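>>> here is my input, please return the structure:
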Amino acid sequence: MIKYKNVKIIEAKGFKRRLIGLMFQKNINHGLLFKKCRSIHTFFMLEEIDVVATDKNDNILKTYKSVKPWRVLIAPKGTKNIYELPKGTSK
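A predicted model of the protein is given here:
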């Protein structure tokens, strides 16, 4: 199970929401869940984020802390969900 510091998680549904994600946002105070996803980018992000990759049962496979803007991240094989979280909230 993933622990959060009182962070609301919103599922990114639809093409536009999945494409934009947390781009262009400052002071991020919520997380996004990308289902059936194994890779993300942080292009046009204004701050660092934490990223958590989970399998189909939400078991954590890998945690990436303080991912900087302008990066591409490909999670390990078996990843089914990606959580984008405010920096410092993944445990």
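
>>> which strand runs longest in the chain?
Looking across the chain with DSSP state E, the single longest strand is strand 60-67.

>>> now it - C-alpha only, CSV.
The C-alpha atoms that make up strand 60-67 are tabulated as CSV, following Å, rounded to 0.1, in the frame of the first residue of the first chain:
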residue,chain,number,x,y,z
ILE,A,60,4.9,-0.8,-5.1
LEU,A,61,7.5,-1.8,-7.7
LYS,A,62,9.6,1.3,-7.7
THR,A,63,9.6,4.8,-6.2
TYR,A,64,11.3,7.8,-7.9
LYS,A,65,11.9,10.7,-5.6
SER,A,66,12.3,14.3,-6.7
VAL,A,67,12.0,13.7,-10.5
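
>>> give the next helix or strand downstream of that strand.
strand 72-74 (DSSP states H and E).

>>> name the nearest residue to residue 71, ignoring sequence neighbours.
residue 42 (4.8 Å; CB to CB, 6 or more residues apart in numbering). Just so you know, the C-beta spots here come from the backbone N, C-alpha and C atoms, and that holds for glycine as well.

>>> quick one, what contacts residue 10?
30-33 (CB atoms under 8 Å, 6 or more residues apart in numbering).
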